[in-house]
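Q: Sequence isn't available, so here's the structure alone:
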């Protein structure tokens with residue numbers, strides 16, 4: 001009998017345990033993911049720019065790429081939030097850029113490609129971004145290519161020179177051709193300067209020999225790269241889906257001396273060159289160039305706002321940074337080709353050629369914006385005529401933008 005009771009007791013205990021397990025409340029089912037909705041991009045004034053129902057353009061790709069590192073802003077995340085992305089783009093400036101490019105680009109051979117970028121020096125916001133004309137190939141010639149800036153890089157050299165003890169009145173041999181540090185350097189377009197060529201003249205006239213002399217023999221490549229970073233050239237960018245390091249030599253080392261003439265490893269996106277000139281336009285204050293002002297959900301809740309990124313570029317003391325920047329601006333204003341504003345014309349020769357141009361630039365700034373125009377060719381080794389197209393586009397946009 002005792003044995004039977006013992007067995008029955010064990011059975012009851014097992015049943016009790018089983019009952020507890022069976023009747024244990026289950027974890028709630030996970031909530032289904034939020035449905036995907038349309039999201040949109042807006043101009044700075046809130047007017048519509050793009051909807052996620054539409055095909056992506058190079059401009060849209062730049063905006064979305066900027067958001068990805070800023071938390072949970074992948075494409076699906078933006079859809080779930082029904083996001084409204086307010087950009088920095090000015091609808092008037094964007095329309096003017098498109099119209100000017102369309103009106104002038106078809107006037108030349110079909111392989112020519114142009115782009116236009118404009119940045120607000122006061123904020124770093126992109127005001128206009130036109131990566132090409134309608135009907136062109138799909139390459140983004142504003143932010144999807146790297147091109148050598150040529151003498152458009154000289155203002156950066158001058159900053160480095162001033163930071164390292166030189167003045168605008170320091171003199172160097174501007175005669176050409178010259179052999180400097182084992183490299184034969186010549187001046188483009190028969191530019192002439194004396195053997196007592198000042199840094200001021202080297203900048204104003206784009207004197208390669210004098211600029212190469214001061215930078216290679218007095219300043220050095222590390223200082224040149226440092227000044228370029230201070231002006232806003234990023235360490236790395238994404239081009240055609242691939243990360244590229246800027247102003248870096250082989251193996252991540254200091255770039256070669258060709259950088260001081262805007263060649264070789266000085267290659268950058270047109271948007272990066274606009275950033276450099278925006279820093280000068282802002283009197284030596286650097287801002288992070290950006291496309292996005294803020295992101296909100298469909299309920300109006302603010303999800304992200306771009307922070308203010310203002311910093312003193314060329315010296316820790318903002319007044320001294322401005323003094324350095326103003327020296328460069330004074331020279332550019334004296335030698336501008338665009339009445340009333342600063343614009344600088346530059347070009348870059350095809351490797352191994354004399355006076356055959358790979359691409360041309362016009363870059364500078366008005367009171368309201370820094371502007372860069374690139375004229376390129378879809379064929380990498382096809383020379384581009386120096387017919388003033390970049391300057392024509394630049395001036396017409398500046399008048400309207």
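A: Cool, the structure landed. The structure presented is a predicted model; accordingly, all values stated were derived computationally and were not measured. Numbering: from 1, shown residues only.
Q: for the stretch 51-200 of the chain, what are the low-confidence residue spans?
A: Residue ranges of the stretch 51-200 of the chain with pLDDT under 70: 106-109, 136.
Q: Can you show me the helices along it?
A: Remark: helices assigned in the stretch 51-200 of the chain by DSSP state H, counting those that start in this stretch are 58-67, 75-81, 91-104, 154-163, 199-205.
Q: Let me know which of those helices is the nearest to residue 193.
A: Comparing the helices of the stretch 51-200 of the chain against residue 193 with CB to CB, the closest turns out to be helix 199-205 (5.5 Å). For glycine as for every other residue, the C-beta is placed from the backbone atoms N, C-alpha and C.
Q: what's that closest one in contact with?
A: The set of residues external to helix 199-205 that reach it, using CB atoms under 8 Å, 6 or more residues apart in numbering, is 154-155, 157-158, 161, 166-172, 174, 191, 193, 207, 210-211, 214, 328, 331-332, 334-335.
Q: ok so, going back, out of the helices of the stretch 51-200 of the chain, deepest packed?
A: Highest mean neighbour count of the helices of the stretch 51-200 of the chain: helix 154-163, a mean of 25 (counted as mean count of other CB atoms under 10 Å).
Q: What is it packed up against?
A: helix 199-205, helix 208-214, helix 221-231, helix 270-281, helix 318-334 (3 or more CB pairs under 8 Å, 6 or more residues apart in numbering; DSSP states H and E).
Q: Centre of the chain to that helix, how far?
A: On the basis of CA atoms, centre = their mean, to the nearest Å, helix 154-163 is displaced by 20 Å from the centre of the chain it belongs to.
Q: neighbouring contacts of that helix?
A: 168, 170, 199, 202-203, 206, 211, 214-215, 218-219, 223-224, 226-228, 230-231, 260, 262, 276-277, 280, 314-315, 324-325, 327-328, 331-332.
Q: export the helices and strands packed on helix 154-163 to TSV and tack on distance to residue 113?
A: Conversion of the helices and strands packed on helix 154-163 to TSV gives the following (distance: least, CB to CB, whole Å):
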stretch	distance to residue 113
helix 199-205	29
helix 208-214	27
helix 221-231	25
helix 270-281	11
helix 318-334	26
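Q: mind checking which of these is nearest residue 36?
A: With CB to CB as the measure, helix 270-281 is the member of these nearest residue 36 (30.9 Å).
Q: Report the rounded mean pLDDT for the helix or strand just after that closest one.
A: Counting by DSSP states H and E, the next helix or strand C-terminal to helix 270-281 is strand 285-286. Averaged over strand 285-286, pLDDT sits at 97.
Q: cool, stretch 296-315 as well?
A: 94.
Q: Now that stretch: buried residues?
A: Across stretch 296-315, burial judged by 16 or more other CB atoms under 10 Å covers 296, 297, 303, 304, 306, 312, 313, 314, 315.
Q: Give me the contacts around it.
A: 37, 67, 70-71, 73, 81-84, 86, 124, 159, 163, 227, 230-232, 279, 284-288, 290, 292-295, 318, 320-321, 324-325.
Q: and that stretch, how far apart are its ends?
A: Start-to-end span of stretch 296-315 (CA to CA, to the nearest Å) is 37 Å.
Q: next one: stretch 249-262
A: In stretch 249-262, first residue to last residue: 14 Å (CA to CA).
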